[in-house]
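Chemist: attaching a predicted model along with its sequence, questions to come.
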Amino acid sequence: MLRVILLNMMMFSLPFIIYGGYMYLIGRHQEQKSIWRNAPVFWLFAAGILFMLIMIGSLVSFSGSKPGGVYYPPKYKDGKIVPGHIEPGRIEP
(Lines give C-alpha, C1' and ligand atoms only; values in the text may rest on other atoms or scores of the structure.)
Protein backbone atom coordinates (compact mmCIF):
# COMPACT_ATOMS: atom_id res chain seq x y z
CA MET A 1 0.00 0.00 0.00
CA LEU A 2 2.87 2.34 0.76
CA ARG A 3 4.21 1.74 -2.75
CA VAL A 4 0.90 2.83 -4.28
CA ILE A 5 0.76 5.98 -2.13
CA LEU A 6 4.35 6.94 -2.94
CA LEU A 7 3.86 6.33 -6.67
CA ASN A 8 0.73 8.49 -6.68
CA MET A 9 2.49 11.27 -4.78
CA MET A 10 5.39 11.12 -7.24
CA MET A 11 3.10 11.19 -10.27
CA PHE A 12 1.11 14.11 -8.85
CA SER A 13 4.25 16.15 -8.11
CA LEU A 14 5.92 15.36 -11.46
CA PRO A 15 4.42 18.33 -13.41
CA PHE A 16 5.48 20.73 -10.64
CA ILE A 17 9.02 19.34 -10.64
CA ILE A 18 9.27 19.55 -14.43
CA TYR A 19 7.93 23.13 -14.45
CA GLY A 20 10.28 24.22 -11.68
CA GLY A 21 13.27 22.64 -13.41
CA TYR A 22 12.36 24.19 -16.75
CA MET A 23 11.96 27.66 -15.26
CA TYR A 24 15.23 27.30 -13.41
CA LEU A 25 17.08 26.22 -16.56
CA ILE A 26 15.79 29.04 -18.77
CA GLY A 27 16.76 31.59 -16.13
CA ARG A 28 13.42 33.13 -15.23
CA HIS A 29 14.15 32.62 -11.55
CA GLN A 30 16.58 35.55 -11.70
CA GLU A 31 13.93 38.03 -12.89
CA GLN A 32 11.39 37.22 -10.19
CA LYS A 33 11.67 36.51 -6.50
CA SER A 34 9.89 33.23 -7.00
CA ILE A 35 9.36 31.09 -10.06
CA TRP A 36 5.99 30.04 -8.64
CA ARG A 37 4.49 33.55 -8.60
CA ASN A 38 3.12 33.35 -12.17
CA ALA A 39 3.02 29.57 -12.43
CA PRO A 40 0.02 27.96 -14.15
CA VAL A 41 -0.95 26.19 -10.92
CA PHE A 42 -4.35 25.06 -12.20
CA TRP A 43 -2.84 23.33 -15.24
CA LEU A 44 -0.04 21.80 -13.19
CA PHE A 45 -2.62 20.51 -10.72
CA ALA A 46 -4.76 19.12 -13.56
CA ALA A 47 -1.74 17.42 -15.15
CA GLY A 48 -0.81 15.94 -11.77
CA ILE A 49 -4.33 14.54 -11.32
CA LEU A 50 -4.22 13.12 -14.86
CA PHE A 51 -0.84 11.43 -14.22
CA MET A 52 -2.21 10.03 -10.96
CA LEU A 53 -5.28 8.58 -12.69
CA ILE A 54 -3.09 7.01 -15.38
CA MET A 55 -0.90 5.46 -12.67
CA ILE A 56 -3.93 4.10 -10.78
CA GLY A 57 -5.37 2.68 -14.00
CA SER A 58 -2.11 0.98 -14.92
CA LEU A 59 -1.71 -0.47 -11.43
CA VAL A 60 -5.24 -1.85 -11.50
CA SER A 61 -4.78 -3.31 -14.98
CA PHE A 62 -1.32 -4.83 -14.70
CA SER A 63 -0.89 -5.90 -11.07
CA GLY A 64 -2.49 -8.58 -8.98
CA SER A 65 -3.25 -12.17 -9.78
CA LYS A 66 -5.73 -13.84 -12.06
CA PRO A 67 -9.21 -14.57 -10.73
CA GLY A 68 -10.14 -18.06 -9.66
CA GLY A 69 -7.23 -18.78 -7.34
CA VAL A 70 -7.32 -19.74 -3.69
CA TYR A 71 -5.59 -17.55 -1.09
CA TYR A 72 -3.66 -19.35 1.62
CA PRO A 73 -2.82 -17.04 4.55
CA PRO A 74 0.60 -17.00 6.24
CA LYS A 75 1.14 -19.77 8.77
CA TYR A 76 3.67 -20.88 11.30
CA LYS A 77 5.22 -24.20 10.26
CA ASP A 78 8.33 -25.99 11.59
CA GLY A 79 9.52 -22.89 13.45
CA LYS A 80 9.28 -20.63 10.40
CA ILE A 81 6.62 -18.33 9.03
CA VAL A 82 5.46 -19.46 5.61
CA PRO A 83 4.22 -16.40 3.68
CA GLY A 84 0.73 -16.28 2.29
CA HIS A 85 0.24 -17.09 -1.37
CA ILE A 86 -2.36 -17.63 -4.05
CA GLU A 87 -2.56 -20.91 -5.91
CA PRO A 88 -4.17 -20.30 -9.29
CA GLY A 89 -6.76 -22.63 -10.69
CA ARG A 90 -7.49 -24.54 -7.51
CA ILE A 91 -11.02 -24.37 -6.20
CA GLU A 92 -11.73 -25.75 -2.78
CA PRO A 93 -15.24 -26.40 -1.44
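Modeler: That came in fine, so what should we check first?

Chemist: so who does F16 touch?
Modeler: Taking Cβ atoms under 8 Å, 6 or more residues apart in numbering, we find F16 in contact with 44, 48. C-betas here are computed from N, CA, C, even on glycine.

Chemist: ok so it is a helix residue?
Modeler: Yes: judged by DSSP: H, G, I helix; E, B strand; the rest coil, F16 forms part of a helix.

Chemist: show me the contact partners of stretch 46-55.
Modeler: The contact list for stretch 46-55 (Cβ under 8 Å, 6+ apart) reads 7-8, 11-16.

Chemist: now the buried members of the residues you listed.
Modeler: Among the contacts of stretch 46-55, those scoring as buried are 8, 11-12, 14-16 (criterion: 16 or more other Cβ atoms under 10 Å).

Chemist: now tabulate the contacts of stretch 46-55 in CSV and tack on distance to G84 and pLDDT.
Modeler: What follows is the contacts of stretch 46-55, written out as CSV (distance: Cβ to Cβ, whole Å; pLDDT from 0 to 100):
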residue, distance to G84, pLDDT
L7, 23, 90
N8, 25, 91
M11, 29, 93
F12, 31, 95
S13, 33, 96
L14, 34, 95
P15, 38, 96
F16, 38, 94
